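[1] missing the sequence, but the structure's below:
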């Protein structure tokens, strides 16, 4: 594919990142780290006229200021896109602002406690091993297609009480919403409608035959004033769990395996010292944070000394914050035994990720089970690693060879 066809007509190639950044540019997708460094050196907050006007904080401090400022910045839109249509479908609590946000978030906390994760862990280990059984004899695989993306999909299906085979539908919708939908409104809306219809069918079934799963517990939850939640609220929360809980974790697991495939010293150390894996996972989360969120500027304000005007969007890059050298020594090095690691991979402020316990558990288990069964692996030089574009960054193709190189 020639360079000219890599860009949609309305997204010409970037020639000046500081004044005209574009997070959907193929060079950003491929390797954003030097771009963030250039932006950070220029200013704590940069602006582009693309996406109908958008700011991006480049430092940990500026990201933190915006994340905690719910007066000037709204979460009603969480993706930076070319259009800003009327908001019809919400996904509480991620699209909620105070005061609605807190009760919506509290409803989602019980299924994601550390205790709940301990109960789920054996199923996740079994899923990892079932997947590895399917390709280990081949001596190679595309780990993104055969392993990483199926773990969170099947785990969340298990929690929701849905057939794990429906996971392929989830993968399709997430691709259409988080990647293709950034530039194609029709595809985005169609995917949201399909997802809503799918879950509405499950709500109807459970009204007649309640089950012991996450969908039924959300249906039974009480909203403000002790009233049952409206179906629309339950459907929005289910959409959120699917969109926020799958692509993010499969991207983080994939980036971790990508790092270990190209860094034999780290891989060998984790094989010898598996007790270090939880610490390494925190570092992979910092260094390869998958999630960039958005905010909408509701009122003019100043962030880190930079004026920010209303009617613009904000690309709230937690990954860029996690590479800020004023916050993390050797920010561009992956240090798998890093002691002090207050990363922002799960967000900052009121919208910090509800599912962080689930994501951590899935990452730790996925890496533990992989290293037990495939301790020697490397990137396949005959294949190409590709990365997703848009809101969530992670390997979409990750061709690996097993066993020592001969």
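    Received the coordinates, thanks. Please read all numbers here as calculations on a predicted model, not as lab measurements. Numbering: from 1, shown residues only.

[2] so who does the spatially closest residue to residue 83 that is not a sequence neighbour touch?
    Nearest non-adjacent residue to residue 83, counting by Cβ to Cβ, 6 or more residues apart in numbering: residue 185, 5.7 Å away. From N, CA and C alone the C-beta is placed, and that goes for glycine too. Applying Cβ atoms under 8 Å, 6 or more residues apart in numbering to residue 185 gives the contacts 81, 83, 85.

[3] and if you look at residue 167?
    Under the criterion of Cβ under 8 Å, 6+ apart, the neighbours of residue 167 are 150, 153, 154, 157.

[4] ok, the third one touching residue 126?
    No. Using Cβ atoms under 8 Å, residue 154 is not in contact with residue 126, being 9.6 Å away.

[5] the two: who's more crowded?
    residue 154 (23 against 14; other Cβ atoms under 10 Å).

[6] quick one: low-confidence parts of the chain?
    In the prediction, the chain carries residues with pLDDT under 70 at positions 1-9, 89, 404-406.

[7] contact partners for the spatially most central residue of it?
    The centroid of the chain falls nearest to residue 248 when counting by Cα atoms, centre = their mean (2.6 Å). Residues in contact with residue 248 (Cβ under 8 Å, 6+ apart) are 152, 290, 291, 353, 359, 392.

[8] and the next helix or strand past the helix or strand harbouring it?
    Secondary structure assigned from DSSP states H and E places residue 248 in helix 247-262. Following helix 247-262 in sequence order, the next helix or strand is helix 264-272 (DSSP H and E).

[9] what's the angle between that following helix and helix 247-262?
    Between helix 264-272 and helix 247-262, the angle comes out at 110 degrees (axes from the mean of the first three to the mean of the last three Cα atoms, to 10 degrees).

[10] picking that back up, among the contacts of residue 248, which lie within helices?
    Applying DSSP state H to the contacts of residue 248, the entries found in helices are 152, 359.

[11] who wins for most neighbours among the contacts of residue 248?
    residue 152 (29 neighbours).

[12] any idea how far residue 48 is from that residue?
    Residue 152 is 32 Å from residue 48, where distance means Cβ to Cβ, to the nearest Å.

[13] same deal with residue 395?
    26 Å.

[14] ok, these two, which is more surrounded?
    residue 395 (26 against 22).

[15] the chain: strands as residue ranges?
    Assigned by DSSP state E, the strands in the chain fall at 45-48, 54-57, 73-74, 140-142, 292-297, 301-303, 306-308, 313-317, 377-379, 386-387, 395-397, 399-402.

[16] what is the nearest of the contacts of residue 167 to residue 137?
    Taking Cβ to Cβ as the measure, residue 137 lies nearest residue 150 of the contacts of residue 167, at 17.8 Å.

[17] now the helix holding residue 248: buried residues?
    Residues 247-261 are the ones in helix 247-262 that count as buried (16 or more other Cβ atoms under 10 Å).

[18] what does stretch 64-73 give?
    For stretch 64-73, the neighbour count (16+ other Cβ under 10 Å) marks 64, 65, 66, 67, 69, 70, 72, 73 as buried.

[19] go on, stretch 100-111?
    Buried positions in stretch 100-111, judged by neighbour count with 16+ other Cβ under 10 Å: 101, 103, 104, 105, 107, 108, 111.

[20] same check, this time on stretch 301-314
    The neighbour-count check on stretch 301-314 (16+ other Cβ under 10 Å) flags 301, 303, 304, 308, 312, 313, 314 as buried.

[21] please identify which pair of the residues you listed lies farthest apart.
    For the buried residues of stretch 301-314, the farthest-apart pair by Cβ to Cβ is 304 and 313; their separation is 17.7 Å.

[22] hang on, the earlier thing: tabulate the contacts of residue 167 (a markdown table), appending distance to residue 207.
    Putting those into a markdown table (distance: Cβ to Cβ, whole Å) gives the following:
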| residue | distance to residue 207 |
| --- | --- |
| 150 | 30 |
| 153 | 26 |
| 154 | 26 |
| 157 | 20 |
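
[23] ok, of the residues you listed, which one's closest to residue 348?
    For the contacts of residue 167, the minimum distance to residue 348 (Cβ to Cβ) is 27.0 Å, reached by residue 153.

[24] could you find the closest non-adjacent residue to that closest one?
    The shortest distance from residue 153 to any non-neighbouring residue, by Cβ to Cβ, 6+ apart, is to residue 167 (3.8 Å).
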